[in-house]
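>>> What follows is a predicted structure for the sequence shown.
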Amino acid sequence: MKNAEQLKQIALHFDIQGNILSIKPLGNGLINDTLLVETDGEDNYVLQRINNAIFKDVDLLQHNIDCATAHIRRKLAGDPDINRKVLRFLPCKESGKSYWTDGQEYWRVSVFIKNAHTYDTVNPEYSYCCGKTFGQFEAMLADIPDTLGETIPDFHNMELRARQLREAVAADKAGRMAEQEVQDILSDLLPFEEEMCKAERLYREGELPKRICHCDTKVNNMMFDDDGNVLCVIDLDTLMPSFVFSDFGDFLRTAANTVAEDDPAIDKVDFRMDIFEAFAKGYVESAKVFLTPIEKENLPFAACLFPYMQAVRFFADYINGDTYYKIKYPEHNLVRTRNQLALFHAAYSKMPAMKAFIDSL
Ligand code: GN1
Ligand code: MG
């Protein structure tokens, strides 16, 4: 990690107003490095190093973000609170682009949203608002005139994720396939693989569209004001064409879990139906303007798919020797895998109840 002076020099490539007082870590993302830049001026800023080992085409990534935020800004024109409802990135002083690079690292700066909070857990009331907001977010982007690309190609493609797991198992780079527990988890996952690859089949058959989705709708990627209203969706790196299952499923993966995604107490993992119902109600209310019957009827499938896909991704990373996700201790990815697998089973057992609820909307 860079020292304070180096970080300051990076921040100064952007048109920051006021003097920089401090730069300190912010949030708990698993991919990028995120810092808060405090100034003596009107605004504070968020400085981020974009992980370009994972996001290989930063220019495309920022193109997506620039187009999407500009489009949302046009839709919100006239709203006095617009700057708290859509992110604002500063142009680099030299290039005019919304990022700066020294050819090795990629950095960007956005204006820090004032008096806003993120949460790692939410109650049903907040979940309903989140559902409405993500539905509106997708609806706002439905008519974007620009072409957006996939910042990580096939990011939420379950067939690819399953293949990557098989490759990890075959290569056994970290020698972890000898662990009995690794074998047990693999036997638990494999029987569901075909069923979980349903979306890719529907897409090939022309039954399922791709739309511009957020693709990282973790509950802590929404900002709320002091009164609990959703202000703004953040963390737009994975904004790209995908199935609506991405945004629906990934929110519930984090919000409907009774514990955090890396809690080792897997006997405490459960899938909360009250959160599901509240979120689904809000989402369908605002997304009904574009949702097709196939998309709607498969929302319960999405709620199962995302814990499953995340289990596969954490597990493949563990087998590969922890090269993708930031970890805090050696077994971290294994603990995450167990947790997500338990969540998958809990959600799967509640599929009939979820289906009945969706039919009632
Ligand atoms: C990563 O950056 P962060 O922590 O919001 C990951 C998501 C996973 C999530 C699991 C680009 O998101 O897909 O669901 O971790 N992002 C990428 O916590 O892989
Ligand atoms: Mg995040």
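Looks like it arrived, so ask away. Ligands and ions are numbered 1, 2, ... in the order given.

>>> how about the helices in the stretch 151-300 of the chain?
Here the stretch 151-300 of the chain has its helices, by DSSP state H, counting those that start in this stretch, at 158-171, 180-189, 193-196, 198-204, 245-255, 273-287, 293-297, 299-319.

>>> residues in the protein within reach of ligand 1, list them.
For the chain, the residues in contact with ligand 1 (C-beta under 6 Å from any ligand atom) are G29, L30, I31, I54, D216, K218, D235, T238, E261, Q310. C-beta here means a position set from N, CA and C on the backbone, and glycine is covered the same way.

>>> can we see that at 8 Å?
Residues of the chain lying close to ligand 1 (C-beta under 8 Å from any ligand atom) are 28-32, 51, 54-55, 152, 155, 215-216, 218, 220-221, 235, 237-238, 250, 253-254, 261, 306, 310, 313-314, 324-325, 336.

>>> In ChimeraX, select just the buried ones from those residues.
Burial among the residues of the chain next to ligand 1 is assessed by 16 or more other C-beta atoms under 10 Å; the matching ChimeraX selection reads:
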select :29,31,32,51,55,152,155,215,216,218,220,221,235,237,238,250,253,254,261,306,310,313,314,324,325,336
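
>>> ok, and which of the residues of the chain next to ligand 1 reach ligand 2?
G29, N221, D235 (C-beta under 5 Å from the ion).

>>> now the residues you listed as CSV including pLDDT?
Output for these, formatted as CSV (pLDDT from 0 to 100):
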residue, pLDDT
G29, 82
N221, 91
D235, 93
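
>>> Which parts of the protein belong to which domain?
The chain is divided into the following domains under automatic domain parsing: 4-111, 124-360.

>>> Just the buried positions in stretch 126-133, please.
Applying a neighbour-count criterion of 16+ other C-beta under 10 Å, one finds Y126, S127, Y128, C129, C130, G131, K132, T133 buried in stretch 126-133.

>>> hey, C-alpha coordinates of that stretch in PDB?
What follows is stretch 126-133, C-alpha atoms only, in PDB (Å, rounded to 0.1, in the frame of the first residue of the first chain):
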ATOM      1  CA  TYR A 126     -35.400  -1.200   4.200                       C
ATOM      2  CA  SER A 127     -35.400  -4.200   1.900                       C
ATOM      3  CA  TYR A 128     -38.700  -3.100   0.300                       C
ATOM      4  CA  CYS A 129     -37.000   0.300  -0.500                       C
ATOM      5  CA  CYS A 130     -33.900  -1.500  -1.800                       C
ATOM      6  CA  GLY A 131     -36.100  -3.700  -4.100                       C
ATOM      7  CA  LYS A 132     -37.900  -0.600  -5.400                       C
ATOM      8  CA  THR A 133     -34.600   1.200  -6.000                       C
END
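
>>> now it, how far from the chain's geometric center?
The chain centroid and the centroid of stretch 126-133 are separated by 16 Å under C-alpha atoms, centre = their mean, to the nearest Å.

>>> now, among the buried residues of stretch 126-133, which is nearest to ligand 1?
When those are compared for distance to ligand 1 (C-beta to the nearest ligand atom), C130 comes out closest, at 15.2 Å.

>>> ok, the residue nearest to that closest one when sequence neighbours are not counted - contacts?
Closest residue in space to C130, ignoring its immediate chain neighbours: M222 at 5.7 Å, by C-beta to C-beta, 6 or more residues apart in numbering. Under the criterion of C-beta atoms under 8 Å, 6 or more residues apart in numbering, the contact partners of M222 comprise T118, C130, T133, V230, C232, V233, I234.

>>> 6 Å instead?
Counting by C-beta atoms under 6 Å, 6 or more residues apart in numbering, M222 touches C130, V230, V233.

>>> who's in contact with whichever strand or helix holds V335?
Here V335 sits within helix 332-349, counting by DSSP states H and E. Contacts of helix 332-349 from elsewhere in the structure, counted by C-beta under 6 Å, 6+ apart, are 257, 261-264, 266, 269-271, 303-304, 307-308, 310-311, 314-315, 317-318, 322.
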